[in-house]
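**Q** let's see this in three dimensions:
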Amino acid sequence: MERAVSRMDAALAYRTEALAMPNLLAAVRRIEKNVLLSMKNEGYGINQLRTTLHESRYPLLFDDQDVVNEYFREILPQGAAEETNFNLPAPGARFNALYEKPLRQIAGILAAADQGILENMRAQHIPRGEVREAYLGGSLYGILAGDTAERTAFEHRVWKKHRAMIVESVKAETEGMQSLFQEVWERRSKEAARPIAVREGEGITQFLRDSNAQEETAAQLLMGATDYEGRDKEAYVRKIASAAVREISVYDGIDAASPDVESDTEVYRACLKDAMRTLRRDTLPYEAEAQIVGALRAAGMDEELLRAGILRASPLLAAAGRDTDKTLAALLAGEPEQASFFDGDYGDYVKFADIYQRLITDYDDALIDAGADSGVAADRRHYNVLAARELITKYGVSEEEVRELLLEFGGIPDHERTQEYLNQILAEAREVQEVSVGSASEVSQTDAAPVWEGVRRTQGDAVRIRTQDASEEREEVEKEQEHTPASFPTDKKSIRAAKHKLREYSFSGERVRVRGDKDAEEMYENCREEIERDIPLPFNGQMDEQIILHLFSIGYEEREIENAVQHNSPRRRSQKDYAKNIVKSVQTRNPGLQNVIKQAETKYLQTKMEQGQTLTAYEKERVLVRDVPTG
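**A** Numbering: from 1, shown residues only. Sure thing, here's the model as predicted:
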């Protein structure tokens with residue numbers, strides 16, 4: 001949702017800038033008026049010309065129908081014949097054919113205008129990735145030319161030149177801003193209790209505010225200074241820099257806000273502006289926003305109005321290292337800052353989706369830089385295969401997670417969003433062969449930053465994993481087929497709903513509510529069956545986390561849970577020491593869990609002793625550790 005809204009903001013900013021250039025609109029008007037006049041002179045009747053107006057590009061630029069109707073009246077030629085001439089080509093086709101030549105003649109004007117617009121969008125603090133996504137496929141030339149090869153070539157030329165200018169600027173800034181960056185970096189928060197992404201995001205935000213540097217400059221300087229040791233350093237620094245730019249944009253809105261509140265949803269922004277003035281700060285900490293929310297709630301502000309105000313104006317929702325939904329909920333509930341922190345895959349700020357999107361962007365930029373006639377969009381399936389291969393072999397992403405990523409971000413047409421289609425992509429991704437994608441592959445493989453600081457998975461490792469214990473593998477596939485729903489949702493709305501349900505999931509089935517006499521592996525299997533039945537998504541790490549939390553809550557010990565996950569989880573082969581890593585991650589991100597574990601285990605051991613059941617050697621050891629009463 002956040003990504004879609006951001007893209008809409010970038011597209012709106014581009015459109016607003018383009019329409020603010022009167023010469024461009026005048027050029028469109030002149031082209032269409034001359035085309036209609038030529039058609040009139042060729043013998044097209046007035047009714048045919050009116051029909052042709054449906055091909056006009058002008059309605060694509062304006063939503064106001066009155067403005068469009070007035071435009072049509074102005075460009076429709078006078079003196080056309082009343083009779084319809086059926087001997088001429090179809091009016092719409094002729095209009096488009098006559099459109100091409102004059103459009104090519106103004107392509108240089110449009111390209112120069114776009115260079116200025118793209119630079120202005122940087123000044124508006126719109127993250128570069130969002131500008132890229134809004135522009136490629138959404139340029140004014142593209143609107144006029146339609147979905148054609150000419151449109152792609154035009155946008156690629158403009159974007160290539162824009163990127164080249166950025167590279168030159170970043171090179172100069174990186175060399176000249178080292179001392180300023182170091183000064184800001186030394187002042188950043190170093191509280192170990194706060195995630196690295198939050199602390200480093202605050203530092204990058206301050207650096208960009210002090211320097212007005214390029215987003216890419218901040219990312220490059222961060223690359224050499226970060227303490228991040230996760231799975232994809234390049235994706236991490238880009239994500240931090242992008243979030244910092246977006247946060248600054250929110251502060252720009254606060255700075256520009258009128259002191260006169262015109263609606264209830266503007267109250268929160270006005271309070272933020274007043275707090276910044278009172279505290280003499282150019283950014284606000286979590287505690288300041290939490291205090292404002294508490295004061296407005298105490299004053300009787302309606303919950304929905306308060307929520308709308310926060311969504312509209314809170315810089316915290318855009319800040320690096322925080323989860324938008326959790327931050328909003330924490331502010332409204334009066335919870336401490338820890339409740340707002342991002343909770344990603346195994347605690348990593350970089351999600352698998354971030355890696356996938358970085359790969360696709362890098363493939364596309366490599367093609368653009370090489371002057372290719374088309375980009376990733378022209379052969380998305382091929383590049384999805386390449387991305388899937390890298391995700392699985394280099395980053396340890398499970399095939400189930402890759403399926404989910406492809407459904408949500410892979411640009412797969414509706415008629416191909418089937419399990420058979422995904423199976424084909426994954427089958428090709430598994431093939432052990434030398435990847436050759438021209439310049440796209442070379443850029444991706446030579447410029448990639450160090451990733452996943454743990455034990456790296458090579459293609460050879462992947463092959464060995466797939467070929468070892470073949471009989472066990474077949475059994476696993478059969479088990480997975482038993483558990484897997486017949487179909488998963490394919491539309492984004494249903495996928496988001498399923499993900500939300502998963503975040504709030506709790507086990508309520510009769511078989512899994514209490515521990516009973518089941519060992520951890522049997523309970524894990526029961527929980528897995530229940531969660532796969534209730535959540536229509538491919539099995540993923542978050543499902544494992546929910547199962548692990550539940551197993552802890554009903555009294556299973558860490559060692560038992562690790563063994564159960566390592567032997568039974570469909571994701572156990574996605575990375576080395578998967579079970580150990582994910583169990584530790586769950587414990588780290590749920591500090592209150594230790595008391596729950598202690599209480600549950602103590603109760604289990606005490607009940608077993610009271611009933612006269614024989615304790616295992618391990619359970620006897622735990623009785624001493626937990627100091628369970630034996631009297």
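**Q** identify the residues contacting residue 56.
**A** By CB atoms under 8 Å, 6 or more residues apart in numbering, residue 56 lies in contact with 32, 71-72, 75. Placement of C-beta: from N, CA and C, glycine included.
**Q** among these, which two are most distant?
**A** By the measure CB to CB, 32 and 72 form the most distant pair in the contacts of residue 56, at 9.5 Å.
**Q** compare these two (neighbour count), which wins?
**A** Using other CB atoms under 10 Å as the criterion, residue 32 and residue 72 rank with residue 32 on top: 26 against 16.
**Q** quick one, phi/psi of that one?
**A** phi -70, psi -40 (degrees, to the nearest 10).
**Q** check what pLDDT it gets.
**A** At residue 32, the pLDDT value in this model is 96.
**Q** wait, isn't it in contact with residue 77?
**A** No. Using CB atoms under 8 Å, residue 32 is not in contact with residue 77, being 10.9 Å away.
**Q** mean confidence score for the longest helix seen in the chain?
**A** Using DSSP state H, we find that the single longest helix of the chain is helix 149-176. Mean pLDDT, computed over helix 149-176, is 94.
**Q** which other helices and strands contact that helix?
**A** When contacts are defined as 3 or more CB pairs under 8 Å, 6 or more residues apart in numbering; DSSP states H and E, helix 149-176 sits against helix 107-123, helix 128-135, helix 140-145, helix 215-223, helix 352-369.
**Q** can I get these in CSV with distance to residue 58 and mean neighbour count?
**A** Listed next are those as CSV, based on distance: least, CB to CB, whole Å; neighbours: other CB atoms under 10 Å:
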stretch, distance to residue 58, mean neighbour count
helix 107-123, 15, 17
helix 128-135, 21, 21
helix 140-145, 10, 22
helix 215-223, 34, 23
helix 352-369, 30, 21
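**Q** shaky segments in the stretch 401-550 of the chain?
**A** The stretch 401-550 of the chain contains residues with pLDDT under 70 at 432-487, 490, 492.
**Q** hang on, the earlier thing: any chance of the helices and strands packed on helix 149-176 in JSON lines, with mean pLDDT and distance to residue 64 too?
**A** Output for the helices and strands packed on helix 149-176, formatted as JSON lines (pLDDT from 0 to 100; distance: least, CB to CB, whole Å):
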{"stretch": "helix 107-123", "mean pLDDT": "93", "distance to residue 64": "22"}
{"stretch": "helix 128-135", "mean pLDDT": "94", "distance to residue 64": "22"}
{"stretch": "helix 140-145", "mean pLDDT": "91", "distance to residue 64": "17"}
{"stretch": "helix 215-223", "mean pLDDT": "97", "distance to residue 64": "34"}
{"stretch": "helix 352-369", "mean pLDDT": "96", "distance to residue 64": "35"}
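**Q** nearest to residue 172, of these?
**A** Residue 172 sits nearest to helix 215-223 of all these, at 9.0 Å, using CB to CB.
**Q** what sits in contact with each of residue 32 and residue 72?
**A** Shared contacts of residue 32 and residue 72 (CB under 8 Å, 6+ apart): 56, 58.
**Q** can you lay out the helices and strands packed on helix 149-176 as a markdown table showing distance to residue 257?
**A** Rendered in a markdown table, the data for the helices and strands packed on helix 149-176 read as follows (distance: least, CB to CB, whole Å):
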| stretch | distance to residue 257 |
| --- | --- |
| helix 107-123 | 19 |
| helix 128-135 | 22 |
| helix 140-145 | 30 |
| helix 215-223 | 24 |
| helix 352-369 | 32 |
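**Q** nearest to residue 265, out of those helices?
**A** Closest among those, once you apply CB to CB, is helix 128-135, at 23.4 Å.
**Q** show me how far the longest helix of the chain is from its chain's centre.
**A** Relative to its chain's centre, helix 149-176 lies at 23 Å (CA atoms, centre = their mean, to the nearest Å).
**Q** any idea of the angle the following helix or strand past that helix forms with helix 215-223?
**A** For helix 149-176, the following helix or strand on the C-terminal side (DSSP states H and E) is helix 178-187. Orientation check (axes from the mean of the first three to the mean of the last three CA atoms, to 10 degrees): helix 178-187 against helix 215-223 gives 60 degrees.
**Q** now do the buried residues in helix 178-187.
**A** By 16 or more other CB atoms under 10 Å, the buried positions in helix 178-187 come out as 181, 184-185.
**Q** where do the helices sit along the stretch 1-150 of the chain?
**A** Along the stretch 1-150 of the chain, counting by DSSP state H, counting those that start in this stretch, helices occupy 2-19, 22-42, 46-52, 58-61, 65-75, 91-105, 107-123, 128-135, 140-145, 149-176.
**Q** from the rest of the structure, what touches the third one?
**A** With CB under 8 Å, 6+ apart as the contact definition, helix 46-52 has outside contacts at 36, 39-40, 44, 76-77, 80-82, 84-85, 88, 91-92, 94-95.
**Q** now the buried members of these.
**A** Buried members of these, scored by 16+ other CB under 10 Å, are 36, 39-40, 44, 76-77, 80, 91, 94-95.
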